[in-house]
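*Asks:* Give me coordinates for this.
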Amino acid sequence: MFCRFVFLGVAIAVGAVLCGAVLFGTAVQAQELTEKQRNLAGRYAQLEQVLLRLAETSATANPRRATLLNQALHESRDRLLVQRFDTLVNVLERRQLTDAISGQADIEADLLALLRLLESENRHERRDAEREQIQEFLQDIEEILHSERTLRNQTRQQEARNLPTLEETQREIRMRAQALQDRMAEHEGWSPHSESEFGDSGEQTEQTEQTEQTERAEQAEQSPSPSGQAPSEQGQSGRGQSQTEQGQSPSRQTLHQQTLQRAIERMREAEQRLRRAEREGAIEEQEEAIAELQRLREELESILRQLREEELMQTLERLEERFRRMLRQEQTIRAQTERLISEWERESAAEQRQIVIRADRLGVDQQAVIEEAEAVLIILREDGTAQAMVESLLQARFDMVEVRDRLERTALDTVTLHVIDAVVDALQEMLDAVQTAIEEARQRQQNAEGQQPQQNGITAEEPLIQLLAELRMIRSMQRRVNERTVRYDNEINKLLEQPDADLSQLRLAVEELARQQNRISRILHELRIGRTE
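*Replies:* Next comes the predicted model:
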């Protein structure tokens, strides 16, 4: 992505200026470094504008990218990078060398952190492609498994003299398995273990190959070859043939390809048994092939679970950071609003005008929190498994809009504080739910160490937030809907006592409240159906 290259270029340029600052001595050198720093400050200010425009244009076509760009923009502004670049220019103009070096080093570190954030988009894309590829492999494995089970049943039911007629069917299934192994070899890079654990000269791979050779030799000794070939030679010859057909040496096979290779060899042995009308031997080889295919399926499903766990943790950590920031901002707005209410009641009309300006600024701060909430909504909707949290945040966003509007019209009263408190409570509850989910994810990772893949406690579609946390949020949402219903009822009764009262705004608010109630009911219904299934 363009912004990643720009960030990298700016970071390198800052590093160059930092090195120059260490060497700077003459007035000419000082002026040159100051000009370079000024140019960097201008480039970075332009980069922030580019981030904003790219986020806006990507919002519809690529919500994930828009969220990432908005996050980078917020991070940049939170770190005050534009202002710090300008400060460095002033520091260099005054030739304060020590302060310049320290400031440049800090900015370079922040730029590299933002660069890592932007590069995370590639990790998402790779993980999605990896998941899609594994799911395709799993579908092929299921089809091959079904065919092999069907053939095994036919072998059991077929008369001995007709068993050779099944050899062609077994060969066709084996060729499909070998085609799958070819595709797995072509996409060797998709496996997170392909290089780290099972590289070209990995000790574990060599041990696995030695174990397999021993097993094949023992089995061959128990089943003499009709061709007159020595048992061990036959096993090695068959194995060498399969490796030649696949065009790769054993040391270049991943664990999953090795498992599939064993299934293929069992199928080849079953072909020979069927040709010789050896029913029990053929069935035994077919059973072993089925077991290897099932083992392969479990291995790939384990990778899917690992990918989901990684995705869960990354998403939860992003959510935790954003909820924490929104909560901190909302608490600041609450404290400042309470201060304005206190001042409003005792200040003169002239001084109240200053309070109006300050309230309007608070409305701008509230709008920033609203934009942050919209970015979080994109993350939650993209995940698609935390319906109650989506609705809770939608409800909180509706309250944020009301707070912003009340501050803009200087409605400094207890009602405004009450709505802000509802926002704070909702954000705190969502932050608690996310932190609990993070702890549960870490606990699952600890429990999974040393266990079999199917025992690691997470499915490929593990929800972001567990059911109990979602039910707590639903309960809180219902409570807030009830409280707001009472408040609207009181406000309507007061307005009805006034002549020519305008109820249009309250009518819209009540309609939105009804929609919130309907969405809560729908979420509860879907959760109930999901639990029943």
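*Asks:* Hmm, residue 103 is touching residue 85, no?
*Replies:* No: Residue 103 is beyond contact range of residue 85, at 9.2 Å (criterion: CB atoms under 8 Å). For the C-beta atoms, the positions are set from N, CA and C on the backbone; glycine is no exception.
*Asks:* how near is residue 161 to residue 477?
*Replies:* 72 Å (CB to CB, to the nearest Å).
*Asks:* of the two, who's got more company?
*Replies:* residue 477 (23 against 8; other CB atoms under 10 Å).
*Asks:* which residue sits closest to residue 271 in space, ignoring its chain neighbours?
*Replies:* Nearest residue to residue 271, sequence neighbours excluded (CB to CB, 6 or more residues apart in numbering): residue 170, at 4.8 Å.
*Asks:* pLDDT on stretch 58-65, on average?
*Replies:* For stretch 58-65, mean pLDDT rounds to 68.
*Asks:* burial count for residue 323?
*Replies:* Residue 323: 25 neighbours (other CB under 10 Å).
*Asks:* typo on my end, it should be residue 517
*Replies:* 15.
*Asks:* Please apply the same query to residue 412.
*Replies:* Neighbours of residue 412 (other CB under 10 Å): 24.
*Asks:* before we move on, what about the one 4 residues further on?
*Replies:* Using other CB under 10 Å, residue 416 is surrounded by 23 other residues.
*Asks:* same thing with residue 87?
*Replies:* 16.
*Asks:* The one 3 residues further on too?
*Replies:* Close neighbours of residue 90, defined as other CB under 10 Å, add up to 14.
*Asks:* Please identify which helix or strand holds it.
*Replies:* Using DSSP states H and E, residue 90 sits within helix 81-93.
*Asks:* So which other helices or strands are in contact with that helix?
*Replies:* helix 27-61, helix 97-157 (3 or more CB pairs under 8 Å, 6 or more residues apart in numbering; DSSP states H and E).
*Asks:* Residue 398: which of those is closest?
*Replies:* helix 27-61 (20.3 Å; CB to CB).
*Asks:* about what we covered before: avg pLDDT for the helix holding residue 90?
*Replies:* 84.
*Asks:* can you list contacts of it?
*Replies:* Applying CB atoms under 8 Å, 6 or more residues apart in numbering, the external contacts of helix 81-93 come out as 21, 30, 33-34, 37-38, 40-41, 44-45, 48, 76, 99-100, 103-104, 106-107, 110-111.
*Asks:* what is in contact with residue 103 and residue 85 at once?
*Replies:* Between them, residue 103 and residue 85 share no contacting residue, judged by CB under 8 Å, 6+ apart.
*Asks:* pLDDT of stretch 145-159, averaged?
*Replies:* Rounded mean pLDDT across stretch 145-159 is 91.
*Asks:* show me where pLDDT drops low in this structure?
*Replies:* 1-29, 59-64, 119-125, 188-253, 347, 349, 384, 448-467, 528-533 (pLDDT under 70).
*Asks:* What strand or helix carries the residue sitting nearest the centre point of it?
*Replies:* Centroid check for the chain by CA atoms, centre = their mean gives residue 311 as the closest residue, at 3.4 Å. Residue 311 belongs to helix 279-346 when assigned by DSSP H and E.
*Asks:* Quick one: buried ones out of the contacts of helix 81-93?
*Replies:* Using 16 or more other CB atoms under 10 Å as the burial test, the contacts of helix 81-93 include 21, 30, 33-34, 37-38, 40-41, 44, 76, 99-100, 103-104, 107, 110-111 as buried.
*Asks:* Quick one: distance of stretch 311-318 to the chain centre.
*Replies:* 5 Å (CA atoms, centre = their mean, to the nearest Å).
*Asks:* Could you pull out the buried residues of that stretch?
*Replies:* For stretch 311-318, by 16+ other CB under 10 Å, it's 311-313, 315-316, 318.
*Asks:* mind checking how far residue 51 is from residue 109?
*Replies:* 19 Å.
*Asks:* residues in contact with residue 329?
*Replies:* 365, 368-369, 372.
*Asks:* of the residues you listed, buried ones?
*Replies:* For the contacts of residue 329, buried by 16+ other CB under 10 Å: 369, 372.
*Asks:* can you put the contacts of residue 329 in CSV and add distance to residue 263 and secondary structure?
*Replies:* Shown next, in CSV, are the contacts of residue 329 (distance: CB to CB, whole Å; DSSP: H, G, I helix; E, B strand; the rest coil):
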residue, distance to residue 263, secondary structure
365, 62, helix
368, 57, helix
369, 56, helix
372, 51, helix
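*Asks:* Tell me which two of the contacts of residue 329 sit farthest apart.
*Replies:* Top of the distance list for those (CB to CB): 365 and 372, 11.0 Å.
*Asks:* Now do residue 105: how many residues are near it, please.
*Replies:* Neighbour number of residue 105 under other CB under 10 Å is 14.
*Asks:* quick one, helices of the stretch 351-500 of the chain?
*Replies:* Remark: helices assigned in the stretch 351-500 of the chain by DSSP state H, counting those that start in this stretch are 387-408, 414-448, 467-496.
*Asks:* Out of those helices, which is closest to residue 179?
*Replies:* Per CB to CB, nearest to residue 179 of these: helix 414-448, 32.7 Å.
*Asks:* What angle do helix 387-408 and that closest one make with each other?
*Replies:* 150 degrees (axes from the mean of the first three to the mean of the last three CA atoms, to 10 degrees).
*Asks:* Now do helix 414-448 and helix 467-496, the angle between them.
*Replies:* 170 degrees.
*Asks:* for helix 414-448, packing partners?
*Replies:* So helix 414-448, by 3+ CB pairs under 8 Å, 6+ apart, packs with helix 279-346, helix 387-408, helix 467-496.
*Asks:* which of these sits most buried?
*Replies:* Highest mean neighbour count among the helices and strands packed on helix 414-448 (mean count of other CB atoms under 10 Å): helix 387-408, with a mean of 22.
*Asks:* how distant is that one from the center of its chain?
*Replies:* With CA atoms, centre = their mean as the basis, the mean position of helix 387-408 lies at 25 Å from the chain mean.
*Asks:* and what of stretch 360-369?
*Replies:* For stretch 360-369, the distance to the chain centre is 30 Å (CA atoms, centre = their mean).
*Asks:* What are the buried residues along that stretch?
*Replies:* For stretch 360-369, by 16+ other CB under 10 Å, it's 362-363, 366-367, 369.
*Asks:* Looking at those, which one is closest to residue 176?
*Replies:* residue 369 (55.9 Å).
*Asks:* For that closest one, which non-adjacent residue is spatially closest?
*Replies:* residue 329 (5.0 Å).
*Asks:* now residue 79
*Replies:* Per CB to CB, 6+ apart, closest to residue 79 is residue 110, 5.1 Å.
*Asks:* I figured residue 76 hits residue 50, correct?
*Replies:* No: the pair residue 76 / residue 50 is not scored as a contact, 11.4 Å apart, by CB under 8 Å.
*Asks:* what residues does stretch 497-515 touch?
*Replies:* 398, 402, 481, 484-485, 488, 491-492, 495.
*Asks:* can you redo the residues you listed as CSV with distance to residue 420?
*Replies:* Converted to CSV, the contacts of stretch 497-515 look like this (distance: CB to CB, whole Å):
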residue, distance to residue 420
398, 13
402, 9
481, 17
484, 14
485, 19
488, 17
491, 17
492, 22
495, 23
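*Asks:* Perfect, that will be all.
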